[in-house]
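S.K.: got a predicted model here, sequence first, then my questions.
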Amino acid sequence: MYFTNVRFNLYEKLLRILRRKIILRNTKRECLNFIKKNNPKKILIMNSSAYIAGMFKQRSHHFAELLSPYFDLVLYRSLTENNIQNWQNNIWLTKWIPDVRFKNAEVYYYTTSVNSYPYKLNRKHVKNGQKLIYDYMDQMSEDIVCTKNTRLLWKNLEKLRPELCIASSDKLFNDLQVYHPNVEKILVKNGVTTEHFAIEQDYCKVPSDLKDIVDLKRPIVGYWGYLAKWIDIELLNKAAKARPDYSFVYIGKNFNSKAGRLDLLPNVYILGRKDYSILPEYGVWFDCAVIPFKLGEIAKATSPVKLFEYMALKKPVVCTKDLIECYNYEGVLISQDHEDFIKKIDEAINISKDENIKNKLLMQAQMQSWKEKVNTIVKTLKLEEVYGK
């Protein structure tokens, strides 16, 4: 019986592998036929944070949208679609990333420091004439992604002759300067589309899973993003215990034991993933927001997208001290330790109704426009001159 089960499990495994190969082959054929039919002259391939319906909108998603007018076709990596699917306008989702040579098209290939895509395939893209854009968007770390492939890409970056390297923070830009002095590089920190977060409180439009929390009429301390290894779960537990008269609302995927367990106290609410399109409907009810990163290299290298999103909602923000990219903004409070973090939450709630603070938060967010960030890339690559707008 034991050997029968082993043979059956092996057979099932082989069937799954064969099925995946057939799906990938069909996806590849469909993608190539689609490209041939549309005959684009300018292509952007985005091999980055995969598109998954209902997820937060990340840096590369904003890049794809705002760079798309300069290309005939944008192909964006997806984990959920076997067939090529339209995302929006000229941006299409595909599970297969075209690594072939295009004879009649100029192709830019975008990838990042936290993409574990096989190094030999990255090299194949470049070998086949695709112009590499390397985005050093996050610190390489075991807590995020730091595989053999990410390290190989970083080590051999200059050999691949990237058209452009982009860094998302001062620390990461300095790393590029030190380790890869000969590559073309620019600093493009994260940003926000303030118009998306231009919303006022309307009790009739409170999301159903937030309504009971709002009805408690307690100050709401909010956070959205991954509850992952780089988040200080112990700090969040301490804060919730210390302030039972505040509601702590967390939006996003909870990695549980991998990050540390949140204490499910009566004043803690885990609402799960929310689509980017409806985040403002939740955030508008926050009294303050928090970015509770653990101390260390990840925090020091991070320019949090959520910082500017909270600011666009005119919400004071409390950050842990190693988030150096969050310094020097009015209405953004930096804590020195766990006890100070809790005190800073009190302070943030106290200033949350101050119109002067709210206006300054919004003004600071407006100065971090995604459109202006992407314009820096466009000008550096001279896309406007070549392709027009």
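M.R.: In hand now; what should we look at? A quick note: this is a predicted structure, and the numbers were derived from the prediction, not measured.
S.K.: quick one: low-confidence ranges for the stretch 101-250 of the chain?
M.R.: In the prediction, the stretch 101-250 of the chain carries residues with pLDDT under 70 at positions 141-146.
S.K.: quick one: the strands in it?
M.R.: Remark: strands assigned in the stretch 101-250 of the chain by DSSP state E, counting those that start in this stretch are 106-112, 131-136, 164-167, 185-187, 220-224, 247-251.
S.K.: got the contact list for the longest one?
M.R.: Translated: strand 106-112. The contact list for strand 106-112 (C-beta atoms under 8 Å, 6 or more residues apart in numbering) reads 41-49, 60, 63, 71, 117, 122, 125-126, 129-138, 153, 163, 381. All C-beta atoms are positioned from the backbone trio N, CA, C, and that covers glycine.
S.K.: same question, the third one
M.R.: Surrounding strand 164-167, the residues in contact under the criterion C-beta under 8 Å, 6+ apart are 133-137, 157, 173, 175-176, 180, 183-188, 377, 380-381.
S.K.: then stretch 120-132 to CSV, C-alphas only?
M.R.: Only the C-alpha atoms of stretch 120-132 are listed here, as CSV (Å, rounded to 0.1, in the frame of the first residue of the first chain):
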residue,chain,number,x,y,z
LYS,A,120,19.7,33.7,-16.8
LEU,A,121,16.3,34.9,-18.1
ASN,A,122,17.1,38.5,-17.1
ARG,A,123,20.3,38.1,-19.0
LYS,A,124,18.4,36.7,-22.0
HIS,A,125,16.2,39.8,-22.1
VAL,A,126,19.3,42.0,-22.4
LYS,A,127,21.0,39.6,-24.9
ASN,A,128,18.0,39.9,-27.1
GLY,A,129,18.2,43.6,-27.3
GLN,A,130,15.8,44.7,-24.6
LYS,A,131,16.9,47.8,-22.7
LEU,A,132,17.1,47.1,-19.0
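S.K.: now it: buried residues?
M.R.: Asn122, Arg123, His125, Val126, Gln130, Lys131, Leu132 (16 or more other C-beta atoms under 10 Å).
S.K.: and stretch 181-201, by the same measure?
M.R.: Neighbour-count burial for stretch 181-201, counted by 16+ other C-beta under 10 Å, picks out Val183, Lys185, Leu187, Val188, Lys189, Asn190, Gly191, Val192, Thr193, Thr194, Phe197.
S.K.: what do you get for stretch 229-241?
M.R.: If you call a residue buried by 16+ other C-beta under 10 Å, then stretch 229-241 has these buried ones: Lys229, Trp230, Ile231, Asp232, Ile233, Leu235, Leu236, Asn237, Lys238, Ala239, Ala240.
S.K.: ok, now which ones touch the spatially most central residue of the chain?
M.R.: In the chain, the centroid-proximal residue (C-alpha atoms, centre = their mean) is Gln58; its distance is 3.0 Å. Gln58 is in contact with Ser48, Ser49, Val305, counting by C-beta under 8 Å, 6+ apart.
S.K.: just Cys288 next, same as before
M.R.: Pro219, Val221, Gly222, Lys315, Pro316, Val317, Val318, Ile345, Ala348, Ile349, Ser352 are the contacts of Cys288 under C-beta under 8 Å, 6+ apart.
S.K.: in strands only, show me the residues you listed.
M.R.: Judged by DSSP state E, strands contain the following of these: Val221, Gly222, Val317, Val318.
S.K.: what's the distance between the nearest residue to the second one once chain neighbours are set aside and Lys159?
M.R.: Leaving aside its chain neighbours, Gly222 sits nearest to Phe286 (3.5 Å; criterion: C-beta to C-beta, 6 or more residues apart in numbering). In this structure, Phe286 and Lys159 are separated by 47 Å, where distance is defined by C-beta to C-beta, to the nearest Å.
S.K.: before we move on, the earlier item: inside helices: which ones of the contacts of strand 106-112?
M.R.: Ser60, Phe63, Asn122, His125, Val126, Leu153, Leu381 (DSSP state H).
S.K.: pick the one among those closest to Gln366.
M.R.: Phe63 (19.4 Å; C-beta to C-beta).
S.K.: which non-adjacent residue is nearest the closest one?
M.R.: Closest residue to Phe63 apart from its sequence neighbours, by C-beta to C-beta, 6+ apart: Val374 at 6.2 Å.
S.K.: just the pLDDT at that neighbour, thanks.
M.R.: You'll see Val374 listed with a pLDDT of 96.
S.K.: hang on, isn't it packed against His62?
M.R.: Yes. The pair Val374 / His62 is scored as a contact, 7.4 Å apart, by C-beta atoms under 8 Å.
S.K.: quick revisit: mind putting the ones in helices among the contacts of strand 106-112 in TSV, distance to Asp215 included?
M.R.: Shown next, in TSV, are the ones in helices among the contacts of strand 106-112 (distance: C-beta to C-beta, whole Å):
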residue	distance to Asp215
Ser60	38
Phe63	40
Asn122	52
His125	53
Val126	57
Leu153	50
Leu381	51
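S.K.: using PDB, list the CA coordinates for stretch 43-52.
M.R.: Extracted C-alpha coordinates of stretch 43-52, given in PDB (Å, rounded to 0.1, in the frame of the first residue of the first chain):
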ATOM      1  CA  ILE A  43       7.100  48.000 -26.000                       C
ATOM      2  CA  LEU A  44       7.500  48.200 -22.200                       C
ATOM      3  CA  ILE A  45       7.800  44.900 -20.400                       C
ATOM      4  CA  MET A  46       7.100  45.200 -16.600                       C
ATOM      5  CA  ASN A  47       8.500  42.200 -14.700                       C
ATOM      6  CA  SER A  48       7.900  43.400 -11.200                       C
ATOM      7  CA  SER A  49       5.400  43.200  -8.400                       C
ATOM      8  CA  ALA A  50       2.900  40.900 -10.000                       C
ATOM      9  CA  TYR A  51      -0.500  42.200 -10.700                       C
ATOM     10  CA  ILE A  52      -3.100  40.500  -8.500                       C
END
